[in-house]
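1. Turn this into a model:
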Amino acid sequence: MRRSEFRELAAYVFGAELAHTYCHEFALVTCGNLTPNEAIEAGYPVKEVWHALCDDMDVPVHMRWEVPPEARPRA
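-> I've put the predicted structure just below:
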C-alpha cells in the first residue's frame, strides 16, 4: 500500500477533515502510541498503519479497501 492510497482511503472513510485530524493527532496503541503520520515516518508499513487506524476507529471491513469510482476525485 502506498501513502497516496492511504490518504485516498482515509479521506473516503472519514472525510477529508477528519482524516487529516486523525492522521496528525490520533495515537495508535499498536504503533507505539504514534499518530498515523508519525508511524509511517518511523518506518511502520503503511498497510499496518491503515489496519491499526481502521481497527481503532471500528471501520467495517467492507469499507477499508476500495473507494467507489463515483467517490474518487476527478483528474
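2. Now do the residue nearest to residue 48 when sequence neighbours are not counted against residue 65, distance only.
-> Closest residue in space to residue 48, ignoring its immediate chain neighbours: residue 31 at 7.5 Å, by C-beta to C-beta, 6 or more residues apart in numbering. For every residue, glycine as well, the C-beta is placed using N, CA and C. Residue 31 sits 19 Å away from residue 65 when distances are taken as C-beta to C-beta, to the nearest Å.
3. more neighbours, those two?
-> residue 31 (20 against 12; other C-beta atoms under 10 Å).
4. Would you agree that one is in contact with residue 49?
-> Yes: assessed by C-beta atoms under 8 Å, residue 31 is found in contact with residue 49 at 6.1 Å.
5. between these two, what contacts are shared?
-> Shared contacts of residue 31 and residue 49 (C-beta atoms under 8 Å, 6 or more residues apart in numbering): residue 39.
6. can you give me the strands for the protein?
-> Secondary structure of the chain (DSSP state E): no strands present.
7. can you map out the helices along the chain?
-> 3-14, 16-25, 36-41, 46-56 (DSSP state H).
8. With mean neighbour count as new columns, can those helices be given to me in TSV?
-> Listed next are the helices of the chain as TSV, based on neighbours: other C-beta atoms under 10 Å:
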stretch	mean neighbour count
helix 3-14	17
helix 16-25	14
helix 36-41	18
helix 46-56	18
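9. Next, format the ones you listed as JSON lines and append mean pLDDT.
-> Converted to JSON lines, these look like this (pLDDT from 0 to 100):
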{"stretch": "helix 3-14", "mean pLDDT": "92"}
{"stretch": "helix 16-25", "mean pLDDT": "96"}
{"stretch": "helix 36-41", "mean pLDDT": "97"}
{"stretch": "helix 46-56", "mean pLDDT": "95"}
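10. re earlier: what's the separation between the residue nearest to residue 48 and residue 41?
-> 11 Å.
11. And for residue 47?
-> Residue 47 is 15 Å from residue 41, by C-beta to C-beta.
12. related to what we said a few turns ago, show me the contacts for the residue nearest to residue 48.
-> 38, 39, 42, 44, 48, 49, 52.
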